[in-house]
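In: Using only what follows, build the 3D model:
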Amino acid sequence: MISEVQEAIMQKFNASPSLRDALSGNMFYQNAEQDQTGSYVVFSIEGITQEEIMGTADDNITDVEIQFSIFTDLNDGGMQIGLLSDLLMEAFDWEEIHVDGYHWIKMQREALVSLGYVDEVWQSVINYSLGIQKE
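Out: Modelled structure (predicted):
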């Protein structure tokens, strides 16, 4: 299921031209390249939990905690990191995510954490809960 979620997130990113163009296509899973510059996003799966409901184990709702970490080295007082955060939320807030073998239930933003300016890079983190259920 993890690889299917990774693929679904990348498909949603690639289907969001304003976000993809603002990041020059730079979205990575787990790690960016060591010498990455400009603006980019790194996403990771922070945890997976099951919500048991009546029926069989296949009826359970799976909650996947996804973290998007946004970075930009543009020193503009935080304007670009704000724009990138808005574009990411526009692309993912309550948008349908197609995970192969699962029905989409929700893509709910849980938190927006502004980290500010650290080591000459603007940073922000946005956490989501992706709810899916086996087909």
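In: check contacts around the residue sitting nearest the centre point of the chain.
Out: Among the residues of the chain, the one closest to the centroid is Phe68, at 4.3 Å (CA atoms, centre = their mean). Contact partners of Phe68, counting by CB atoms under 8 Å, 6 or more residues apart in numbering, are 41-43, 88, 92, 125-128. Placement of C-beta: from N, CA and C, glycine included.
In: ok but it is inside a strand, no?
Out: Yes. Assessed with DSSP: H, G, I helix; E, B strand; the rest coil, Phe68 lies in a strand.
In: what residues are up against Glu46?
Out: Per CB under 8 Å, 6+ apart, neighbours of Glu46: 65-67, 127.
In: measure the residue nearest to the centre of the chain to His103 for me?
Out: Distance, Phe68 to His103, using CB to CB, to the nearest Å: 23 Å.
In: Reformat the contacts of Glu46 as JSON lines; add distance to Gly78.
Out: Listed next are the contacts of Glu46 as JSON lines, based on distance: CB to CB, whole Å:
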{"residue": "Glu65", "distance to Gly78": "26"}
{"residue": "Ile66", "distance to Gly78": "24"}
{"residue": "Gln67", "distance to Gly78": "20"}
{"residue": "Asn127", "distance to Gly78": "20"}
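In: And the buried ones among these, selectable in ChimeraX?
Out: Command for ChimeraX that selects the buried part of the contacts of Glu46, burial taken from 16 or more other CB atoms under 10 Å:
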select :66,67,127
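In: wait, which of the contacts of Glu46 is closest to Glu120?
Out: Gln67 (22.3 Å; CB to CB).
In: That closest one is in contact with Asn127, isn't it?
Out: Yes. Using CB atoms under 8 Å, Gln67 is in contact with Asn127, at 5.2 Å.
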